[in-house]
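Peer 1: All I have is the shape, not the residue letters:
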């Protein structure tokens with residue numbers, strides 16, 4: 001199924017009575033909490049879209065393969081569509097009150113101690129191999145708990161797109177244009193990238209709530225478990241297979 005077909009089905013499910021009835025099914029407190037979650041997620045998706053714009057510029061400067069440039073361009077548009085859908089759920093829960101997303105920053109992230117050239121590599125490796133790889137595991141864990149059809153369809157499509165986004169980092173890591181010196185540098189920054197990943201993903205202190213999990217809510221316990229699974233089963237083994245040092249001892 002194409003992305004357009006998937007989003008058409010999400011639209012149909014969103015307009016169905018089951019979704020439209022959600023605000024009336026929740027207490028005021030839970031409705032406000034879920035709305036706050038979707039607004040915060042929209043902010044994160046918008047900030048990620050900007051991060052991919054920086055990655056695209058970095059990859060162009062690095063003369064990376066065209067396939068990676070195309071992945072970055074697609075990721076930008078994907079993330080903007082994620083923003084739109086997060087805002088639609090937030091607006092539904094707010095009785096139709098208009099909402100908008102806000103950027104969490106307006107400058108490319110810089111890793112302390114890295115040169116400009118190294119930062120161009122680090123930003124995409126961090127974004128794809130760390131943050132987006134965690135996103136895949138988090139959304140997969142969420143999918144197992146979502147019962148609302150519109151949220152399930154949306155989450156499933158987001159998983160597919162996050163997998164594609166993660167390939168931007170893994171594809172760069174597999175590029176033959178990276179030599180031993182670059183791989184050694186990346187290995188040295190694994191602890192910093194792992195720390196930043198945990199800071200970003202574990203920042204929100206949201207308690208587990210099965211009723212809200214069924215509607216697409218991401219709690220701290222759900223995220224924490226999925227994050228550790230991503231590190232143990234995907235990130236650290238993947239880095240090691242791509243010649244980024246003995247990373248198992250660098251978490």
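Peer 2: In hand now; what should we look at? All figures in this text were calculated on a predicted structure; none of them were measured in a lab.

Peer 1: can we go C-alpha only for contacts and neighbour counts from here?
Peer 2: Fine.

Peer 1: ok, residue 168 touching residue 74?
Peer 2: No: at 10.4 Å, residue 168 and residue 74 do not qualify as touching, with contact defined as Cα atoms under 8 Å.

Peer 1: which one of these two has more residues nearby?
Peer 2: A side-by-side neighbour count of residue 168 and residue 74, using other Cα atoms under 10 Å, places residue 168 first with 25 against 15.

Peer 1: contacts for stretch 195-207?
Peer 2: By Cα atoms under 8 Å, 6 or more residues apart in numbering, the list of residues contacting stretch 195-207 from outside reads 130-131, 218-221, 223-224, 227, 251.

Peer 1: Give me the distance between stretch 48-59 and the centre of its chain.
Peer 2: Remark: stretch 48-59 is offset 14 Å from the chain centroid, using Cα atoms, centre = their mean, to the nearest Å.

Peer 1: Stretch 17-30 now?
Peer 2: Distance, stretch centre to chain centre, for stretch 17-30: 26 Å (Cα atoms, centre = their mean).

Peer 1: Buried ones in that stretch, by neighbour count?
Peer 2: Neighbour-count burial for stretch 17-30, with 16 or more other Cα atoms under 10 Å as criterion, is recorded at 19, 23, 30.

Peer 1: of all these, which comes closest to residue 190?
Peer 2: Proximity of the buried residues of stretch 17-30 to residue 190, judged by Cα to Cα, is greatest for residue 30, which lies at 38.1 Å.

Peer 1: ok, that closest one - contacts?
Peer 2: Residues residue 212 are the ones in contact with residue 30 under the rule Cα under 8 Å, 6+ apart.
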